[in-house]
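Student: Have a look at this fold, sequence not included:
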């Protein structure tokens with residue numbers, strides 16, 4: 001089993017920045033790739049970004065390209081999501097995912113509990 005704990009969410013004004021963290025524990029050798037998804041009220045969970053085990057390969061949703069950056073520190077078993085130029089439409093619960101690869105949520109085996117990001121206009 002792998003446990004994922006997100007942190008770093010909060011309230012920020014439009015144009016601001018936040019950095020989310022996701023710490024993995026347990027069978028961390030299984031977390032070869034990790035990703036972030038988000039879910040706004042009344043909407044389906046959507047893919048945001050993913051990074052492979054080495055950090056060399058990344059995927060981004062078109063809506064966040066150029067604004068969000070995913071990175072990882074394998075020594076700390078932690079993945080980060082740097083979010084810049086935030087927009088009100090980025091408001092959602094952000095979930096960390098592991099044990100899979102790609103843009104589809106069902107491709108991932110492990111999930112965190114989520115952290116709320118609210119962007120005010």
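Tutor: On my side now, so go ahead. If you're wondering where the values come from, they're calculated on a predicted model, not measured in any experiment.
Student: Spatially nearest residue to the residue nearest to the spatial centre of the chain (excluding sequence neighbours)?
Tutor: For the chain, the residue nearest the mean C-alpha position is residue 36 (2.5 Å; CA atoms, centre = their mean). Spatial nearest neighbour of residue 36, chain neighbours left out: residue 48 (4.3 Å); criterion: CB to CB, 6 or more residues apart in numbering. The way it works is simple: take the backbone N, C-alpha and C, and place the C-beta from them, glycine included.
Student: The lengthiest strand in the chain pairs with which strands, and in what direction?
Tutor: Ranked by number of residues, the top strand in the chain under DSSP state E is strand 18-26. Partners of strand 18-26 in the sheet, by DSSP bridges, are strand 2-7 (antiparallel), strand 78-83 (antiparallel).
Student: Just list whatever residues bridge to residue 92.
Tutor: residue 117.
Student: If you count neighbours, what's buried in stretch 110-121?
Tutor: With burial defined by 16 or more other CB atoms under 10 Å, the residues of stretch 110-121 counted as buried are 110-112, 114-115, 117, 119.
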